[in-house]
Each structure stands twice: as C-alpha cells, then as structure tokens.
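Peer 1: Could you work out the structure for the sequence below:
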Amino acid sequence: MWPHNVPKKYIVTFLIITLAISWGMAAVLSQLSEQARVLASFLIVVPTMTAITLNVLYHQGVKQVYTPVFTGTTRKSILFALIYPVGFITLIGCIALITGKATINYQNLPSLIDLLMALIVIFFSMVIAFGEEYGWRGFLLPALASYYGRGWAAIGVGLAWAFYEIPAIYLLSAFGESTQPLFTSFIQGLVLLVLSIPLAYCYFLSESSIIGVLLMRAVWDVTSSLVLGDGSAEARTFLAGSYQLWGVVPLELLLGLGAAIYFGIKLQHKFKA
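Peer 2: Numbers count the residues shown, from 1 in each chain. Alright, predicted model coming up:
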C-alpha cells in the first residue's frame, strides 16, 4: 500500500524538490524588499503538493490521493491528538508559575467567546496544517518507516521538516525584531525536530491516517495561544510572563526533548514496522 512500498527514488525526489524550493525561494526573497518576504508563507503548501503529484504519478491516477487523509483514523490517535498538546502546554504553564517566570493574567483572561472561537480556529488550523502534513506524515514518514523503522523514520522526518522550515524562520526573524536570527532559526529547528517524534507516534496510533496529526497540530497551536500567548499581559491569555530557562532555552524545547526520547523509545518497541 502506498507509500509503504514506494521506491526510494520517490523519497529522494520528494526531499530534493521540497528542500530546493524552500532554500531557493529564501535565497531569492532575501534579495528583494522586506515586504516580499511574506511570500515565504506560501511554502506551507509545497510538501503536500509535491506528495500528491508523486502519488498521482505512481498510481497513474487520482484514486489513491485521498487514502492518507481519510482512511484509518482511530479513536486512540484522536484522543492522543487532544490530550497530549493540552497536557504538554499546561505543564509548561505550571512550571512557569512555580518558578515565578509567569503569573496568571487576571486582568485579561480569555472570554467565553474566545474559547468558543478556539473551536473554529482549530478547524482552520487543521486545513492549514494539511498543506504540510500530507507530505511529511502522510507520505515521507510511512515511506521511510518501511525501510528504516518507525523510530528512525520519525527522526528523519523531523530533520527534513526542520531544514525545510529554517529558511522561512530566518527570513521572518530577520524581518522582525530578532537580533539573533541565526540562533532563533537553530532553536526553532530543534523545536520542530523534537515535536516530530510525538507527531509520528500520533500517526502510528492510526491506521495510516493524518487526521489525528492535523488535529494535534491545531490543538497545540490554539492551546499555546490561549494559555501562554506571547508572554505579554496585554494579550487575552491565561498566563503572562517568560517561558525560557537561562533566558535562551525555551521550556518547550527542554520538555519536548524529554518527550521525544520517551516516544522515540515507544516507537521502537511498541510498533513493529
């Protein structure tokens, strides 16, 4: 079944196309005006468009295009997609409160309307995440797993995802107020790498469906926005403050590393490729 039996040349083609477009566009946009750099946001659809094209070429038709999306969603994958992001973000908030790095944002807590709107935002966030996830977890992850096992495949996808996003992260950092765009890009690349492991675990809890992965990414973004925000007390969030250790290491990265190790071990032992 696609993509478990896909020849390696399709995997190599996918990686070459996606990374070449990402780094190539970044090189071009860096020479243009700062306003033109927002075009980097279009990169979010490249992995999916590339994977769909390869799918059509492999099957010589479009009949199998929907399979990685709708076929094989399980209750376990949906529950994990809901529980893990909420628990992870809540833990970050608790650590920030205990260490005094953050306080409850009593003056500007989210309203009931904000919480209801979050449900709508989750849906649209899933649609946006689809632009990447059909490629990363819908194609590349199971394709690599069939050759190298699920644990190594999760790491491989994380590395590819990080290298793909780093050019856009750098442009946005350089365009914004960051004084260390290279360091910011490196840290955010590591965040994506460690996040890819529980995302892979969520995928393998299903039977080759990315619905759980899409939901997990959407819940992650919405929960982070509601609970942590950007650290400012002016934002309508539950907490306000700092979520970094030693001023440079995000709590998300530190906790994410521990989670990545845990779920990486589970991928190797619980699931059989």
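
Peer 1: so where's this protein shaky on pLDDT?
Peer 2: 1, 32-40, 176-178, 233, 270-273 (pLDDT under 70).

Peer 1: how about the helices of it, start to end?
Peer 2: With DSSP state H as the criterion, the chain has helices at 8-29, 46-59, 67-70, 75-98, 112-135, 141-148, 150-175, 181-205, 211-227, 251-270.

Peer 1: Quick one: these as CSV, columns for distance to residue 241 and mean neighbour count too.
Peer 2: (C-beta placed from N, C-alpha, C; glycine too.) Listed next are those as CSV, based on distance: least, CB to CB, whole Å; neighbours: other CB atoms under 10 Å:
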stretch, distance to residue 241, mean neighbour count
helix 8-29, 33, 16
helix 46-59, 34, 19
helix 67-70, 39, 18
helix 75-98, 6, 17
helix 112-135, 19, 16
helix 141-148, 35, 22
helix 150-175, 22, 21
helix 181-205, 19, 22
helix 211-227, 11, 23
helix 251-270, 11, 17
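
Peer 1: give me phi/psi at residue 231?
Peer 2: Dihedral pair for residue 231: phi 90, psi -10, per degrees, to the nearest 10.

Peer 1: State the distance from it to residue 97.
Peer 2: Computed with CB to CB, to the nearest Å, the distance linking residue 231 and residue 97 is 13 Å.

Peer 1: Kindly report the same for residue 90.
Peer 2: From residue 90 to residue 97 the distance is 10 Å (CB to CB).

Peer 1: re earlier: including distance to residue 105, could the helices of the chain go into JSON lines?
Peer 2: Converted to JSON lines, the helices of the chain look like this (distance: least, CB to CB, whole Å):
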{"stretch": "helix 8-29", "distance to residue 105": "36"}
{"stretch": "helix 46-59", "distance to residue 105": "36"}
{"stretch": "helix 67-70", "distance to residue 105": "37"}
{"stretch": "helix 75-98", "distance to residue 105": "11"}
{"stretch": "helix 112-135", "distance to residue 105": "12"}
{"stretch": "helix 141-148", "distance to residue 105": "37"}
{"stretch": "helix 150-175", "distance to residue 105": "26"}
{"stretch": "helix 181-205", "distance to residue 105": "23"}
{"stretch": "helix 211-227", "distance to residue 105": "10"}
{"stretch": "helix 251-270", "distance to residue 105": "17"}
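
Peer 1: Which one of these lies nearest to residue 104?
Peer 2: Among those, helix 75-98 comes nearest to residue 104, with 7.4 Å by CB to CB.

Peer 1: tell me what that closest one is packed against?
Peer 2: Judged by 3 or more CB pairs under 8 Å, 6 or more residues apart in numbering; DSSP states H and E, helix 75-98 is in contact with strand 102-104, helix 181-205, helix 211-227, strand 239-241, helix 251-270.

Peer 1: Point out the one among the ones you listed that comes closest to residue 2.
Peer 2: Comparing the helices and strands packed on helix 75-98 by their distance to residue 2 (CB to CB), the top pick is helix 181-205, with 15.0 Å.

Peer 1: how distant is that closest one from the center of its chain?
Peer 2: Relative to its chain's centre, helix 181-205 lies at 7 Å (CA atoms, centre = their mean, to the nearest Å).

Peer 1: next one: stretch 106-115
Peer 2: Distance of stretch 106-115 from the chain centroid (CA atoms, centre = their mean) equals 26 Å.

Peer 1: change the start of the numbering to 322 and stick with it
Peer 2: I'll keep to 322 as the first residue from here, and by that count the last item is stretch 427-436.

Peer 1: Does residue 553 touch residue 560 like I think?
Peer 2: No. Assessed by CB atoms under 8 Å, residue 553 is found out of contact with residue 560, at 10.6 Å.

Peer 1: So the two - more neighbours on which side?
Peer 2: Set side by side, residue 553 and residue 560 show more neighbours around residue 560, with 24 against 11, by other CB atoms under 10 Å.
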